[in-house]
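Below: sequence and its predicted model.
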Amino acid sequence: MRANWVLVLVKESAEQAMSIVGGDGKLPTSLDNLKAIDLPKDSLDFVSADESDVRVIEDWDEQMRQVLNTTWDGDVFLAPLRQRGEQIGLILASFPGEAQRKPRLLSGIAQHAAIAIANSKLMDQLRRASAMKSEFLATMSHELRTPLHVIMGYTEMLDDILVESEDPEVHQILRRLQQNEKSLTDLIEGTLDAHRLEAGRNVVKHMSFETKALFEQIKLDTRWLPRTPGVQVHWDLPEESVGMTSDPTKVKVVVKNLIGNALKFTKRGSVEVSARIHANTNRLEVIVSDSGPGIPEDEIPHIFDMFRQATPSASESALSGVGLGLFIVREFASQLGGTVTVNNNEQGGARFRIDLPLEIGPSQNANLLVA
């Protein structure tokens, strides 16, 4: 039973009149023209009744008659679109002739249409919320950078002025300032990296460098990472240096984030960092182990998700950070053609393993920028 024409009307809120969002059949004008029509509220008085059943429209508003200025055989039926008891729109349809199955058929169509419209509205709300969140993160991070850089500049000036001071307390205060500056800088950069990843704007820079120089820089950068007093980082690095073609900045971020994460969870003992170059497979392996409490088995599948952190035990205080470090580790490792895995050590603590190719090519990542 094919309709002469059908129109779908939806209202965005309880205060707004309905607008035409879809239609088909022998319409008086194009659907785009119908969508552009601004229908005042009083033109839809005939649908304000509380009836929920499909019914024939007998009292047409004059403007609606002009909107639907077309010829048809048979009655025009109205089917309300409802979600949780609230009317969110309606369907108007004209069928040729008479048939008892018209109301039942239109009622079934209306139920499916109401679900589809509600889902569409929900997806639109989610997209807007996601866009607002991303914009907020990017703006906030950029705005925080300026005052932070000013603070860092003044701290460096104080360090230069007090370099000859023999008061150990003065130097300890400066070290604490620098450590917290570093933590805040990493947090801001991590937030920006997460935003770029979500937006698909995080480009891999294709560069050649030496592994030995890379690890020397990582060792230097991790000296000021926050840690419990007495916890040390032990390094087991290869003596030989080999050439690597990848994104050195992203490799450093991956390793530094894992070291920083290990130091955060290690209250006693040490963090072990080892690296191996596998010439037979042309890959670099980096392992970061800690002597912390380990990771609950049920949380291991989720620790690389955005804004997720392992739950501290009852004897531990809440941990700092917002849960972006491991998310960035996983995404950067994947962009570099590698993987990151994690398991708990038998003697306690967690063990993260990074596996990266010594050379990344266009076949491994589409967002390459050759330096």
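Perfect, I can see it now.

Could you look up the SS state of the nearest residue to V286 once chain neighbours are set aside?
Nearest non-adjacent residue to V286, counting by C-beta to C-beta, 6 or more residues apart in numbering: I354, 4.4 Å away. Every C-beta, even on glycine, is put in place using the N, C-alpha and C of the backbone. Secondary structure, DSSP: H, G, I helix; E, B strand; the rest coil: I354 is strand.

Mind checking the pLDDT average for stretch 279-289?
The average pLDDT within stretch 279-289 is 95.

check contacts around G348.
291-294 (C-beta atoms under 8 Å, 6 or more residues apart in numbering).

quick one, phi psi at it?
With angles defined as degrees, to the nearest 10, G348 sits at phi 110, psi 160.

what sits up against stretch 286-298?
Stretch 286-298 has contacts (C-beta under 8 Å, 6+ apart) with 255, 258-259, 262-263, 265-275, 303, 310-311, 313, 316, 342, 344-345, 347-354, 356.

Can you tell me which of the contacts of G348 is closest to S246?
Taking C-beta to C-beta as the measure, S246 lies nearest G292 of these, at 29.3 Å.

Any idea how many residues pack against that closest one?
23 (other C-beta atoms under 10 Å).

Give me the nearest residue to it, chain neighbours excluded.
Once flanking residues are discounted, G292 sits nearest to F265: 3.5 Å by C-beta to C-beta, 6+ apart.

Count the neighbours of the one you found for me.
For F265, using other C-beta under 10 Å, the count is 21.

Could you verify that T341 is part of a strand?
Yes. Judged by three-state DSSP, T341 forms part of a strand.

re earlier: the residue nearest to V286 contacts V254, doesn't it?
Yes. Judged on C-beta atoms under 8 Å, I354 makes contact with V254 at a distance of 6.1 Å.

which neighbours do these two share?
In contact with both I354 and V254: 329, 333, 340, using C-beta under 8 Å, 6+ apart.

out of these, which are buried?
329, 333, 340 (16 or more other C-beta atoms under 10 Å).

so where's the stretch 251-371 of the chain uncertain?
Within the stretch 251-371 of the chain, the segments meeting pLDDT under 70 span 310-322, 362-371.

Helices of that one, residue ranges please.
325-335 (DSSP state H, counting those that start in this stretch).

what's the answer for the stretch 1-150 of the chain, then?
Per DSSP H, counting those that start in this stretch, the stretch 1-150 of the chain carries helices over the ranges 31-35, 62-67, 102-161.

can you count the residues close to A110?
Around A110 there are 23 residues (other C-beta under 10 Å).

for E164, same thing?
Around E164 there are 6 residues (other C-beta under 10 Å).
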